[in-house]
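>>> Everything below, folded, please.
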Amino acid sequence: METVKFYFWVDQKDDYCAQLTEVKRLYFKTKIDQPTLAEQYPVNLVDSKITMHLYTHILMLAQQFHNQIYTFLQDNLKRQQLPSQNLNYRTVVRLFSMLLSAEVAKTMNVAEMQQLYYLAETIKSGNERAVQKLQQLRPDFFRSQADPLDFSGNSLSSHLDVFTSVYTNQAALLINELDLLNFERSAQTFWQQIPETLAIEQESLLALLG
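Residues are numbered from 1 along each chain as shown. Okay, the predicted model is just below:
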């Protein structure tokens, strides 16, 4: 049975890690001077600006990692003249679950990168599924510990208006600078630990790609 191989070169690894480091560098370069700002503006406005700055860089990190993943997969697929137009988040997750053993996936921080994806989706749009998945994976990110599957009047789901524009209600999530740094470190580890060659049966791959 024919096998499809995905190759990840050392220079790609260095480039991808450098791109992720740049997001962290930009965060600190543009970081708001809280004490100075607090002397000029109300505390709630200062807190809002600091939170928006953090959210912006979490989104930047998530988007950079997203672009890297898709570039890596699409380049390999196109090189072997295989279809790449149907790649989406669910397809990528399923593909990596087929390419990686559970042990390797753990070493690469795959679970942490899924958390970053759902956190970014929650910040961007308050997508109900993203909110529920994030609360299952990281309940510590939420002030409310309501059951995400409980659709009664007091449930998290009944208050999704909080997330339709996270920027206007920063109290909705409990995240801080350390979370951004941890996700950046996890993304670095993902690329540092990925095997240089990954293999999958062509028939299984084509079935997945539809």
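>>> wouldn't residue 190 be in contact with residue 107 here?
No: with contact defined as C-beta atoms under 8 Å, residue 190 does not count as touching residue 107 (9.4 Å). Where you see a C-beta, it was placed from the backbone N, CA and C, and this is true even at glycine.
>>> who's more crowded, these two?
residue 190 (22 against 16; other C-beta atoms under 10 Å).
>>> residues near the residue lying closest to that one once chain neighbours are set aside, how many?
Take residue 190 and drop its neighbours on the chain: the residue closest to it by C-beta to C-beta, 6 or more residues apart in numbering is residue 108, 4.9 Å away. By other C-beta under 10 Å, 20 other residues sit near residue 108.
>>> repeat for residue 103
8.
>>> Over to residue 22?
Neighbour count for residue 22, taken as other C-beta under 10 Å: 13.
>>> and what of the one 5 residues further on?
The tally of other residues near residue 27 (other C-beta under 10 Å) stands at 20.
>>> how close does the residue nearest to it when sequence neighbours are not counted get to residue 26?
Closest residue to residue 27 apart from its sequence neighbours, by C-beta to C-beta, 6+ apart: residue 57 at 4.3 Å. Relative to residue 26, residue 57 is positioned 7 Å away (criterion: C-beta to C-beta, to the nearest Å).
>>> the more surrounded of those two?
Taking other C-beta under 10 Å, residue 57 and residue 26 do not tie; residue 57 has more neighbours (21 against 14).
>>> Am I right that that one sits in a helix?
Yes: counting by DSSP: H, G, I helix; E, B strand; the rest coil, residue 57 is found in a helix.
>>> Could I get the contacting residues of it?
23, 24, 26, 27, 180 (C-beta atoms under 8 Å, 6 or more residues apart in numbering).
>>> Is the third one within a helix or a strand, and which one?
For residue 26, the element it lies in under DSSP states H and E is helix 10-29.
>>> hmm, back to that, so for the residue nearest to residue 27, what's the pLDDT?
At residue 57, the predicted lDDT confidence score is 96.
>>> In stretch 181-197, which of the residues would be classed as buried?
Neighbour-count burial for stretch 181-197 flags 183, 184, 186, 187, 188, 189, 190, 191, 194 (criterion: 16 or more other C-beta atoms under 10 Å).
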